[in-house]
Structure formats: C-alpha cells, structure tokens
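Asker: Okay, sequence plus prediction incoming.
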Amino acid sequence: MALRRAASLLLRQRLRTFAPIPSPPKTQNPLLPHPRRHYSPRPAPALRPSAAAAVAEAAEEAFEAASTTNDLSAAFSRLETLLPPTDKRLALACLKLGQHLESTSSADPSRVLELALRSIGILEAGPGSSDATDSDAVSLAMALHLAGSASFDLTRFHDALAFLSRALRLLSPLLPSKHAAAGQPDAEEGFDVRPVAHAVRLQLANVKTAMGRREEALADMRACVELKESILPPGSRELGVAYRDLAEAHAAVLDFKQALPFCQRALELHELALGKNSVELAHDRRLLGVIYTGLEQHEQALEQNEMSQKVMKKWGVAGDDLMHAEIDAANIKIALGKFGEAVSVLKEAAKKAEKDSEARALVFIYMAKALAHQEKVGDTKRCLETACDILEKKELSEPDKVAEAYVEVSSLYEMVNEFDKAISLMKRSLWMLERIPQAQHMEGNVAARIGWLLLLTGKVTEAVPYLEDAAQRMKETFGPNHFGVGYVYNNLGAAYMEMDRPQSAAQMFALAKEIMDVSLGPQHSDTIETCQSLANAYNAMGSYSVAMEFQERVVASWRNHGHSARDKLKEAKRLYEEIQTKAIAFMSPDDSVIALPEPRQHEYDSNSKKVAQPESRQHEIDSNSKKVAQQ
C-alpha cells in the first residue's frame, strides 16, 4: 500500500527547468500554542504484543490516510515511536513523507535528503540479495531516486548522479521487454515499474544537463520517451509534450536535424488529439520555426511562426510566449534580409513590452542586430546600450538569462568593430555563469568565444588559456566529435602558429581535421582549410614530405569543388610548388635529380590514417587537453 502511494507522486513529475536552490521552510507561527505534554512519575505499563501490534497498525493506517503536511508529519512522528528502527514499514513511511515534502515548493531539500537516506539505510539492511523481492528492489530504487532529486536541489550533482545511476541499475532488470504487451506490468504483485524508471531517467537527464553532459542527457530523454510510448495510450497529449521536450533538447545542442522529426511528431499528435487551433499546437509550431531557422529554411520557419502567433492571439495568449514569438519572427526576417520589416515588428513589440523586462531587452538586442546589418552603427550602439541598462538590473534576479543575453550583445558589438566592449561583456558573462551550477554547459561556449576574440585582436598569449580552459567543457557537453570542438582545436592550432610553436599547432590541426572529417565531411570547405593549416604547420617545421602529402589532399579536394573553387585551387597548387621547391633545396646533391611527384588528379582518400607525426615534438599535449567550441 505504502509503495503504491509513494509511486503515485512519481507519476506527477515533468521535466522541469532549473531553479534557484529552494529557501528553507518557513518557521511555525510563534503565536500558536505549544502542544501540551503530560508527564508521569513512572513509565506507562508495557502493552501486550497483540495490543502493541494493534496500536502500530492503527498508527500506520492513520499515516496512510493523512494528506496534508501537518497531518503526515504528526502521523509519522507517532509511527516512528511505535515501530522498530529497522522496520521496513518505517522505511516506506520515510519515503512517502519525503516524496510529499519534495512535491511542495517550500520543502527543505536537506530534510528530504535526510528522510531518503534513512529509508535507504533501512532497506539496505533488510534481506540479502538472494532473499530480496522485486518489491524490495523497487522500494530501494524509489528511495534512491528521492535522494538523487534532493541532492540535485542542493546542487550536489555528483552525489545525485551516483544515487540515480544505482536506482536505474536496480530497475533495469525489472522492466518489461520491448515486445511485451503495452500496459502489462511485469513486476511482483502486478506493480508496474515503468513509471518509476521514467522518473529516474528524467531526473538523470536534469542532472547531466546541469553538469554540462548534454549528449548523455539526450540519451536519457530518449529513453524517457520510449517508456512513455509504452505506458501512455496512442494519441496521448502528454506523449506529444514529451516529443516536443525531446525536440527542444536536441535544438539546444544545435542538432536541428534530429530535433525536426520529434517536433513534427508532436505537432501531428496534438493536431489529431486537440485540433488545428490548440495552444499546444501553437507551441509546437513556434519550436518548429526555431528548428527551421537552425536548418536555414527561413521561409518555412516564418510560415510556422506566423501560424503559431495567429493561434496565440485567437486564444488571448499574451505575455512572454507571444512576445518571444514576435521576436522570433523578427529574427527570421533578419535572416531573410528583410531588415526594415524586422525593425517594424520590433518597434511594435517594444510598445507592448513591460519596462525593464527581459523581453524588452531582447527586443532592443534584435533591433540592434537588424540595424547593424543596415550599417547604422550609431543606432545600433544606442539600442545595445539600452539593452545593457535593462540587463544590468536583472543580473541578480535572472543571472542565467542575462549571461546568455550578454553573449548576443557581445556578438553585435563585434559586428560594429567594438571588440574591447565585446570582450568585456563576454568576460562578464563567463564570470556570472561560473557562479550558476546549472550553467556549466554554457561556460565552454563563452570561454571559446573570448579566446577567439582575443586571437582576432592579436592578443594571442591571453587567448590560449581561455581556449584551453574551455576545451574540455565543450567536449563533455557536445561530445568528442561535435563540429564545434573541431573549430576550437583549429583556433588553438592558429594560436600556436602565431606563437611559433608549429609542433603543437600540428597536433591541434590534426585533431580538428579528424573531427571535421566525421562531423562535416572531408569535402567541406572548413575541413579543407584545416587540412591546409596542417600542411602549413609541417611546412614551418621543415617536414616537407608530410607537408606535401597534406597539400596534395588540399589540391584534390578543391579540384572536386569545380569552377566555384577555381581561385582556391590555384592558390593550393602554388603552395604545393613552393613546398616542393623547399624540399628539393634541402635534399642532398645525389637526391636532387629525383623529381618529386606532381599533385595527383584523383581525390586523396581522406579517411586513410596517414597523419604523420612531427619529427621532433615539444611536450605532448595532455589527452584531456581542453577543447573549445566556437558556435
């Protein structure tokens, strides 16, 4: 009974955005009278075993019947005085009370964690693994989930990850096979463990996202969707929301191709279940517009955005949702080159935005973006100054949103050649993000951008530490083969070349090319440019044979691009001939009669593992050297 009631609380959980650490619970009203206590000069006579069991059973029933926090706490206090400290019923009571407290906004996570750990301790001291039932495993998994959730609220992310990972290991063997009939529970006593597994997976996604491990978080979110597909009936509205959440998570890591089918499935499901004019469908279309923008399909993006706004206005949806949809529309028009139309949309939005609101700051940021494209530098700066004035007032209340907005403002100052201002804002953003435990995934991006700007302005020595510091964060966030990581390696290589360290540069360029071959393809122009950088690095080191090998690949790749790359092909051939001349000059007289090969006409196999190592290197860059993504 207690297990089922505790599980019911897990079913209510939804993927939540990260919030500040909850404040401690309010103290009791001091005006309320203290409960009266009755003292006796001698202990009460012991109850007979049958009477004690009856009293304990009555206390347990009272605890089960309690629903409010005060009633639950009072019944729990009564129960723990009657049950042995190792009684399993006491463990389940700790679990139920902890889950109830967690569901209230004013809960103290330290108290929740205390109850969860007490429940875990009792359950772990119970029957051994050979005697434990499936119900015991589920109870322990639920207590571990509660401990993980409380640890997350306390920003103890590594502890949360350990609790939740163990819970998942307990539940995985109890999950029904995929070919089992939907809705048929497999666990002992007919208890369905899938909702519990879903809650654990969902919390794992939250924790990993907060830790910056967003690729791993996506895997947990996909598992959540699969569990919901097996639990919920076809056409469920909640399933559509799950598809949209997964699409949004993919879009957040710039994986728009993966995001698109999930968002389309959400839209189709909501349209079938709720009709063409539902608010849920409006939210789907707005996200779909963002995804199409990421895919550079701007006409489709604008169409979806306009349909979303139409439904929102019909249902009287106002506030931030509609305001952000209008800002999205302006951004799409900027991408389409319709700068005047974008400014008109944003001027109307500015009239409706509340003074000193985050939405009003965003309106001026995107207005500055449109004006910058029109080369109206003075107007651009005035809009950015207005936006910064608003954002400064929000630094304490909304630090994550302000830090993200500073990144956008910085890029616009860069467009108008105000590099010092751009770097200053990026550093301010990084300083703020480092104080937000849940924003680790953004730190790498910002540090990478600072490094790139410093490199651009010739401050190479100052740039390298930022690039190296951000690199590992980005690798953990986006995965080792994300194209952004390749760009960061490329920037590090360029920095090392500026510092006259061609050996280190060659190592960075080689890593960048390996990633770009996978993420962008060997014929992508950025991949070819990285290959050119490799040739330049080996040329600077005097390793002419290796330099010629990479230069040959560059010539073959530009040749495959056809007429559009005619000038780049011509330059690549010139560099090949230059390296060839140097190689001949350094040959012995006896070897100089041997002609070096001309660039071959066919494409060099870019997937072959022929990346030569430098003849004399400086110290090895640590395999965990930090890789930065320039988004």
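Answerer: Happy to help now that I have it.
Asker: Just the buried residues of stretch 87-107, please?
Answerer: By neighbour count on 16 or more other C-beta atoms under 10 Å, the buried set for stretch 87-107 is 87-102, 107. Just so you know, the C-beta spots here come from the backbone N, C-alpha and C atoms, and that holds for glycine as well.
Asker: Just give me how far it sits from the chain centre.
Answerer: 30 Å (C-alpha atoms, centre = their mean, to the nearest Å).
Asker: same check, this time on stretch 498-510
Answerer: Per C-alpha atoms, centre = their mean, the centroid offset for stretch 498-510 relative to its chain is 31 Å.
Asker: By neighbour count, which bits of that stretch are buried? Give me those.
Answerer: Buried, per 16+ other C-beta under 10 Å, within stretch 498-510: 501, 502, 503, 504, 505, 506, 507, 508, 509, 510.
Asker: could you give the mean pLDDT of that stretch?
Answerer: The pLDDT scores in stretch 498-510 average 94.
Asker: Buried residues in stretch 335-343, which are they?
Answerer: For stretch 335-343, by 16+ other C-beta under 10 Å, it's 338, 339, 342, 343.
Asker: Closest one to residue 327 out of those residues, please.
Answerer: residue 342 (9.9 Å; C-beta to C-beta).
Asker: re earlier: looking at the buried residues of stretch 87-107, which are in helices?
Answerer: 88-102 (DSSP state H).
Asker: what's around the residue nearest to residue 364 when sequence neighbours are not counted, how many residues?
Answerer: Spatial nearest neighbour of residue 364, excluding adjacent residues (C-beta to C-beta, 6 or more residues apart in numbering): residue 387 at 4.1 Å. Counted by other C-beta atoms under 10 Å, the residues lying close to residue 387 total 24.
Asker: about what we covered before: so which two of the buried residues of stretch 335-343 are the farthest from each other?
Answerer: Checking the buried residues of stretch 335-343 with C-beta to C-beta, the most distant pair is 338 and 343, at 9.5 Å.
Asker: In contact with the closest residue to residue 343 other than its chain neighbours, which residues?
Answerer: Leaving out its chain neighbours, the residue that sits closest to residue 343 by C-beta to C-beta, 6+ apart is residue 370, at 5.0 Å. For residue 370, the contact set (C-beta atoms under 8 Å, 6 or more residues apart in numbering) comprises 330, 333, 334, 339, 340, 342, 343, 346.
Asker: secondary structure class for residue 370?
Answerer: helix (DSSP: H, G, I helix; E, B strand; the rest coil).
Asker: In this protein, what helix or strand scores lowest on average pLDDT?
Answerer: When the helices and strands of the chain are scored by mean pLDDT, DSSP states H and E, helix 2-10 comes last with a mean of 41.
Asker: in the stretch 151-300 of the chain, which spans are strands?
Answerer: Read by DSSP state E, counting those that start in this stretch, the stretch 151-300 of the chain holds no strands at all.
Asker: With the stretch 501-631 of the chain instead?
Answerer: Under DSSP E, counting those that start in this stretch, the stretch 501-631 of the chain gives no strands.
Asker: hang on, the earlier thing: which other residues reach the helix or strand that contains the residue nearest to residue 364?
Answerer: Assigned by DSSP states H and E, residue 387 belongs to helix 377-393. Residues outside helix 377-393 that contact it (C-beta under 8 Å, 6+ apart) are 356-358, 360-362, 364-365, 367-368, 371-372, 402, 405-406, 409, 412-413, 415-416, 418, 425.
Asker: And the residues you listed, which of them are buried?
Answerer: 358, 360-362, 364-365, 367-368, 371-372, 402, 405-406, 409, 412-413, 415-416, 418, 425.
Asker: What about the residues you listed, which are in helices?
Answerer: Those of these lying in helices (DSSP H): 358, 360-362, 364-365, 367-368, 371-372, 402, 405-406, 409, 412-413, 415, 425.
Asker: Secondary structure and distance to residue 118 added to the contacts of residue 370, as a markdown table?
Answerer: Listed next are the contacts of residue 370 as a markdown table, based on DSSP: H, G, I helix; E, B strand; the rest coil; distance: C-beta to C-beta, whole Å:
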| residue | secondary structure | distance to residue 118 |
| --- | --- | --- |
| 330 | helix | 54 |
| 333 | helix | 58 |
| 334 | helix | 56 |
| 339 | helix | 62 |
| 340 | helix | 65 |
| 342 | helix | 58 |
| 343 | helix | 61 |
| 346 | helix | 55 |
